[in-house]
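K.L.:
Prediction below, plus the sequence it came from.
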Amino acid sequence: MSNRLCLLLVSSLIFLYVSRASAQEVFGTDNGSIHISSVKGDKVVTAISKQLIVILNYDNATFKLKLDKSTLETGIDSIDKIFRQRIYDYIEFEGKLGIEQVKTEKHPPQDFEVNGYITCSTHYVSVVGKGHLEHLFGEYYSCLLNMTFFINPEKFNLKDTFGEDLTGDLRVDVIQSVLNRQE
C-alpha cells in the first residue's frame, strides 16, 4: 500500500470519527509535531516527526495520538534507516488533559497534568506528564498545546532502534496548534 493511499485511508478514518462525534467539538490533524529525545553515549539524540495524527476533543479535553515510527528522523543515518523500515509500526497515546475542556476563546496560560496510556505493539504503559495551553491571537488558530512526558525505552523495545548505549528515559514533547471552534 503506498504512503499516499495509507494517508488517505487514515484521513478518511479521522473524518469519520470527527463526523460521528455528535454534538461534541473534535479536531483532527495528521501533521502534529513530536520530538523524542534521549542521551546516546555522550550526545543528546532527538527524533522528530511532523506527521503525528492528533484527535482532540475540545468538550471533554481527551485526545488520541498516533505515530508511525517510520516518520521519525534524527539526522543520524544508522538510526534513520531503522526508523524507515518500521513503516506501519505505530505508537499510540490516548488520554485526558487535566482541564475540563479546551477553551479556544481568550484565556490565561493553563498548566495541567496529562494522564493516559501508551500502546506500542504488545506493550501498554500508563503515563503521567505535563501540559500547557497558551492562547494565541490568530485568525484560524486559537491556542498552542504542548505536552511533555517521559517513558522508559525498554518498555517499548526502543533500545534496538536507538542503540544499546541509550541512557535514561525518553523525553517526549508534543506540539500542536488548536484551531478556533467552528461557529
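P.N.:
All right, it came through fine. All of these numbers come straight from a predicted model, not from anything done at the bench. Residues are numbered from 1 along each chain as shown.
K.L.:
CA atoms for contacts and neighbours, from now on please.
P.N.:
Will do.
K.L.:
if I look at the closest residue to Lys155 other than its chain neighbours, how far off is Asp80?
P.N.:
Nearest residue to Lys155, sequence neighbours excluded (Cα to Cα, 6 or more residues apart in numbering): His123, at 6.9 Å. Separation of His123 from Asp80 (Cα to Cα, to the nearest Å): 23 Å.
K.L.:
Who are the contact partners of the most centrally placed residue in the chain?
P.N.:
With distances taken as Cα atoms, centre = their mean, Leu65 lies nearest the centre of the chain, 4.6 Å away. Leu65 makes contacts with Leu52, Ile53, Val54, Ile55, Glu92, Phe93, Glu94, as judged by Cα atoms under 8 Å, 6 or more residues apart in numbering.
K.L.:
SS state for the fifth one?
P.N.:
I take that to be Glu92. Secondary structure for Glu92, judged by DSSP: H, G, I helix; E, B strand; the rest coil, is strand.
K.L.:
For Thr74, what are phi and psi?
P.N.:
Phi and psi for Thr74, reported as degrees, to the nearest 10, are phi -110, psi -20.
K.L.:
Would you map the helices across this structure?
P.N.:
Listed in chain order, the helices found in the chain under DSSP state H are 3-19, 77-84, 159-162.
K.L.:
and those, which one is worst for confidence?
P.N.:
Here the lowest mean pLDDT among those goes to helix 3-19, at a mean of 43.
K.L.:
and the nearest residue to Val128 once chain neighbours are set aside, how many residues sit next to it?
P.N.:
Counting by Cα to Cα, 6+ apart, Asn115 is the residue found nearest to Val128 once chain neighbours are left out, at 4.6 Å. Using other Cα atoms under 10 Å, Asn115 has 19 other residues around it.
K.L.:
my read: Asn115 touches Leu97, true?
P.N.:
Yes - using Cα atoms under 8 Å, Asn115 is in contact with Leu97, at 6.6 Å.
K.L.:
For the residue lying closest to Asn31 once chain neighbours are set aside, give me its contacts.
P.N.:
Once flanking residues are discounted, Asn31 sits nearest to Gln51: 4.3 Å by Cα to Cα, 6+ apart. Neighbouring residues of Gln51 by Cα under 8 Å, 6+ apart: Asp30, Asn31, Gly32, Ser33, Leu67, Thr71.
K.L.:
and of the residues you listed, the nearest to Asn60?
P.N.:
Of all these, Gly32 has the smallest distance to Asn60: 19.9 Å, by Cα to Cα.
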